[in-house]
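# Here's a sequence, model it:
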Amino acid sequence: MRTLKFSTLALAAALALGTSAFAAAPHQDGAKQDMKTAGHDTKEAAVNTGRGVKTGTKKAYHGTKRGVKKAYHKTAKVFHPHTDSQAPNHR
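The predicted structure follows:
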């Protein structure tokens, strides 16, 4: 009797663990889903790249703009001495 209870318990435990292992196994989606996933990943990578290019372009534009303004102001002081307070008055 004891052996029968133990074997029944062991069989029930094995079945319970066996079915839960199958239920936890990932479902095989197939090649079609893999292609969809690859397409979505490629799109996301392209979007991220585009955002990076946008940021880089903005930084380069603003840096160039700042550099040109700085050069203009330095050049204006050299070529237009009347803007200095100590420059002689030219008439």
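
# OK, contacts around G52?
Remark: with contacts taken as C-beta atoms under 8 Å, 6 or more residues apart in numbering, G52 is in contact with nothing. Quick note: C-beta positions are derived from backbone N, CA and C, even for glycine.

# what helix or strand is it on?
G52 belongs to helix 31-79 when assigned by DSSP states H and E.

# For that helix, the averaged confidence score.
Along helix 31-79, the predicted local confidence has a mean pLDDT of 94.

# okay, stretch 46-58 in CSV with CA atoms only?
What follows is stretch 46-58 as a C-alpha-only set of coordinates in CSV (Å, rounded to 0.1, in the frame of the first residue of the first chain):
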residue,chain,number,x,y,z
ALA,A,46,17.4,53.7,-38.6
VAL,A,47,15.3,56.0,-36.4
ASN,A,48,18.0,56.2,-33.7
THR,A,49,20.6,56.9,-36.3
GLY,A,50,18.5,59.7,-37.8
ARG,A,51,18.1,61.3,-34.4
GLY,A,52,21.8,61.1,-33.8
VAL,A,53,22.5,62.8,-37.2
LYS,A,54,19.9,65.5,-36.3
THR,A,55,21.6,66.2,-33.0
GLY,A,56,25.1,66.3,-34.6
THR,A,57,23.9,68.6,-37.4
LYS,A,58,22.4,71.0,-34.9
